[in-house]
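K.L.:
fold the following.
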Amino acid sequence: MTGWWRRNRIGLALVPVALVGALAGNASRLNDYWWAIDLHAHQSAGADGVVHFRDHFDDGHVRYPIEADISLVSVKRATGVTIDGASHPVSIPDDSQLWEVTTHWVADPAIALDLCTLGIEGTDGRYWERSQPDPIQVNDAMIPYSACAPDATPGPIPPIPPKTQLVQPAPEDARPRSYDVTTWVVTAKDAVPGEIRIWWVKPAYAALPVR
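P.N.:
Here you go, the predicted structure:
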């Protein structure tokens, strides 16, 4: 074995050099890959607390704009959820905390917004998302489907490819231009919310500081 290492020491010494060269040659592709799979491009709230969010969805079949003015109304600890005016107790893991997050939206009713993801970043950098299926267990009610559009009037629905046009609701079911949405997120019990993140397509997201 010692003889093998001696005979091949020059080749082995060149392996790191070859790896560096290969990585350098693919740097742009590596950057594109890693950039696209995480949240990097934040769009911040102005002095008025509003994020004028602008992005677009494009999967090669369907392309549509994502545009909305978003602000944070409240983030507060919760022991249950309120749906259609009725309070419902919930069950979550013992080492967890339930948070109620309410956001305010102003958007063109013709823009598709319902397929979003909302998450909480803690002041220590940990991050939790509202997920499907959600760890929140409600026995006699359904958690609202979207964190970004009213359940009753969600607005346009993205089409299923190969169709390329948004499915528009009937005029009487149009989404209001201005509305609030309340949703719930489960975090670790010791979490302290520092920022609410809302996104549709990574890497762009709306960053709403919790004040």
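K.L.:
how near is His88 to Thr164?
P.N.:
From His88 across to Thr164, the span is 39 Å (Cβ to Cβ, to the nearest Å). (Each C-beta comes from the backbone N, C-alpha and C, glycine too.)
K.L.:
more neighbours, those two?
P.N.:
Neighbours per residue (other Cβ atoms under 10 Å) separate His88 from Thr164, with His88 holding more: 16 against 10.
K.L.:
go ahead and confirm that one touches Thr79.
P.N.:
No - between His88 and Thr79 there is no contact under Cβ atoms under 8 Å: 10.4 Å.
K.L.:
shared neighbours of these two, anything?
P.N.:
Here His88 and Thr79 share no contacting residue, scored by Cβ atoms under 8 Å, 6 or more residues apart in numbering.
K.L.:
would you map out the domains in the protein?
P.N.:
1-37, 42-209 (automatic domain parsing).
K.L.:
could I get the ones you listed in a markdown table, plus columns for mean pLDDT?
P.N.:
Formatted as a markdown table, these follow (pLDDT from 0 to 100):
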| stretch | mean pLDDT |
| --- | --- |
| domain 1-37 | 48 |
| domain 42-209 | 91 |
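K.L.:
most tightly surrounded among these?
P.N.:
Comparing the domains of the chain by mean neighbour count (mean count of other Cβ atoms under 10 Å), domain 42-209 ranks first with a mean of 16.
K.L.:
from the centroid of the chain, which residue is nearest?
P.N.:
Thr117 (3.2 Å; Cα atoms, centre = their mean).
K.L.:
how about Thr164, nearest residue that isn't a chain neighbour?
P.N.:
In space, Thr164 comes closest to Val62 once its chain neighbours are excluded; the distance is 5.4 Å by Cβ to Cβ, 6 or more residues apart in numbering.
K.L.:
hang on, that neighbour packs against Ile157?
P.N.:
No - taking contacts as Cβ under 8 Å, Val62 lies outside contact range of Ile157: 11.2 Å.
K.L.:
other SSEs contacting whichever strand in the chain runs longest?
P.N.:
Longest strand in the chain, counting residues (DSSP state E): strand 63-78. If contacts are counted by 3 or more Cβ pairs under 8 Å, 6 or more residues apart in numbering; DSSP states H and E, strand 63-78 sits against strand 50-58, strand 96-106, strand 193-199, strand 204-209.
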